[in-house]
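Novice: here you go, sequence then predicted model.
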Amino acid sequence: MHIEIQPQDGLPIYRQISNQIKYLIASGQLKTGQELPGVRTLAEQLTVTPNTIVKAYDELEAEGLLEKRRGSGTYVTDTNSPLTRKEQRRILAQRIDAVLTEASQLDFTLEEVLVLLHDRHAALTRTQAKFESKGD
Amino acid sequence: MPENIVDVQGLSRTFGTSKALNDVTLQLKPGLVYGLVGSNGAGKSTLIRHLLGLMTPQQGTVRVLGLDPVKSPVEVLAQIGYLSEERDLPEWMRVDELLSYTSAFYPGWDFEYAKDLLRTFDLDPTKKVKHLSKGMRAQAGLIVAVAHRPRLLLLDEPSTGLDAVIRKDILNAIIRTVADDGRTALFSSHLLDEVEQMSDELFMVDHGRIVLRGSVDAIKQRHVVAHLESSSPSDEAPEFAGLISAERIGQQWRVVCELTSDDSGDLPHSLAERGISVASVRAASLQEIFVARAGRERRQKLEVVR
């Protein structure tokens, strides 16, 4: 599982991790029923305190994306009831509103935000390609 | 079992005229990694030496696992793992001799774990300590510190002068101690990036006082770096609640400040009333918070002297 932490990012580290796991699930790189790395394994891989991983997993569990199975690990849940497209749009719209509000506070024009959006998409695609070439 | 692994109350220590520790109170809870940051001479090592029972409190109390480490050194030290910057190991011993010698002191010594670490570090057990490189000494010191599976791991500047690979070994040992066994670790470091990633809670020490404490996320969340523009060309730095440091850059002031709960995640509205506009705001890094805090303490000290 490929996750990268940006120390300069304003986001807390556990949130950076949970966001990237969400992206991996949404993009199908983490599949339904797949097991996630153990807390210690991922903590060592990313050099973060184990409690940060616990916090990220807990958050995703509360959102229904992951489930802990007794006596074993953490898995991607069976999403039996996929969200309707309308619901998906609503969730995404909320996130976009937050970004646009922050962009305006930081004096970014819509054009600059769009450029940044493309940049980030390219960066994530690169990360994904790296991940796939590693083959795990 | 005591609720807190470590309980320090009102600890003060003076060397000559300088206060190495000034009314320090702190508690460490089980299962967390604590970072201890501060400049050289801020009091980090002095604090750790008190936890080890190597120093008697001049004022205040120190309890480790509910015990006084000065009065019950055997019971306390059996449950502590300690790695210092100096890594004072017996020079004439071979690595395997060092490990079997150390194991004799600890009923809980885990021979398998020690062997496992030796293999992971690729350390030659027949080598004499005096022939080890700096990195290898750190690795040997680390095995000695963790193989008895201590309930409290104390690391005093463990990364100083080491390359990235050995640093990673040390950080992994902290991760393993906390993740597998739910134990507690306190490590001091001047590498703020390392502390930012590797600690759940941190204490920032300056001139013997704890000037900042809390979870890394919470600390970062409430500190911002802002650029302010004043409509009046005054030389006076802006003053407002929560301001930690201000520095003039051209027409602007670069300020580091701590947002209070009244600010609701925003800079104080009173700034606008005084004709000061906010040009930009962003989250502060631990490094920026540290430099701003340490600088303020120094200024306050100067003012007292005056």
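Specialist: That came through, no problem. Numbering: from 1, shown residues only, chains lettered A, B, ... in the order given.

Novice: then the lowest-mean-pLDDT helix or strand in chain A to CSV, C-alphas only?
Specialist: Every helix and strand in chain A was compared by mean pLDDT, DSSP states H and E; the lowest is helix A:85-105, with a mean of 80. Extracted in CSV, the C-alpha atoms of helix A:85-105 (Å, rounded to 0.1, in the frame of the first residue of the first chain):
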residue,chain,number,x,y,z
ARG,A,85,-24.7,9.0,-7.7
LYS,A,86,-26.7,11.9,-6.3
GLU,A,87,-25.4,11.2,-2.8
GLN,A,88,-21.8,11.0,-4.2
ARG,A,89,-22.3,14.4,-5.9
ARG,A,90,-23.5,15.9,-2.6
ILE,A,91,-20.4,14.6,-0.7
LEU,A,92,-18.1,15.9,-3.3
ALA,A,93,-19.8,19.2,-3.6
GLN,A,94,-19.3,19.8,0.2
ARG,A,95,-15.6,19.1,-0.2
ILE,A,96,-15.3,21.5,-3.2
ASP,A,97,-17.2,24.2,-1.3
ALA,A,98,-14.6,23.9,1.5
VAL,A,99,-11.7,24.1,-0.9
LEU,A,100,-13.2,27.1,-2.7
THR,A,101,-13.8,29.0,0.6
GLU,A,102,-10.3,28.4,1.6
ALA,A,103,-9.0,29.4,-1.8
SER,A,104,-10.8,32.7,-1.7
GLN,A,105,-9.5,33.4,1.8
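
Novice: helices or strands next to that helix in the packing?
Specialist: helix A:110-134 (3 or more CB pairs under 8 Å, 6 or more residues apart in numbering or on different chains; DSSP states H and E). Just so you know, the C-beta spots here come from the backbone N, C-alpha and C atoms, and that holds for glycine as well.

Novice: and the angle for the helix it packs on with helix A:85-105?
Specialist: Per axes from the mean of the first three to the mean of the last three CA atoms, to 10 degrees, the angle that helix A:110-134 makes with helix A:85-105 is 120 degrees.

Novice: my read is that residue B:39 contacts residue B:294, right?
Specialist: Yes. In terms of CB atoms under 8 Å, residue B:39 counts as a neighbour of residue B:294; the distance is 6.2 Å.

Novice: so what sits against both of these two?
Specialist: Common contacts of residue B:39 and residue B:294 (CB atoms under 8 Å, 6 or more residues apart in numbering or on different chains): residue B:206.

Novice: got the contact list for the least confident helix or strand of chain A?
Specialist: So helix A:85-105 is contacted by A:83, A:110, A:112, A:113, B:281 (CB under 8 Å, 6+ apart).

Novice: which one of these is nearest residue B:12?
Specialist: residue B:281 (38.3 Å; CB to CB).

Novice: state the pLDDT value of the nearest residue to the closest one once chain neighbours are set aside.
Specialist: Once flanking residues are discounted, residue B:281 sits nearest to residue B:226: 4.5 Å by CB to CB, 6 or more residues apart in numbering or on different chains. In this model, residue B:226 is scored at 88, pLDDT.

Novice: so residue B:226 is in which element?
Specialist: Using DSSP states H and E, residue B:226 sits within strand B:223-230.

Novice: in its sheet, what does that strand sit against?
Specialist: With DSSP bridges as the test, strand B:223-230 is paired with strand B:252-258 (antiparallel), strand B:276-283 (antiparallel).

Novice: lowest-confidence stretch among these?
Specialist: strand B:276-283 - the lowest mean pLDDT of the strands paired with strand B:223-230, at a mean of 82.

Novice: angles on the backbone of residue B:66, please.
Specialist: The phi and psi values for residue B:66, taken as degrees, to the nearest 10, are phi 80, psi 0.

Novice: any idea how far it is from chain A?
Specialist: 23 Å (CB to the nearest CB, to the nearest Å).

Novice: right, and the helix or strand after the strand holding residue B:226?
Specialist: Next along from strand B:223-230, by DSSP H and E: strand B:243-249.
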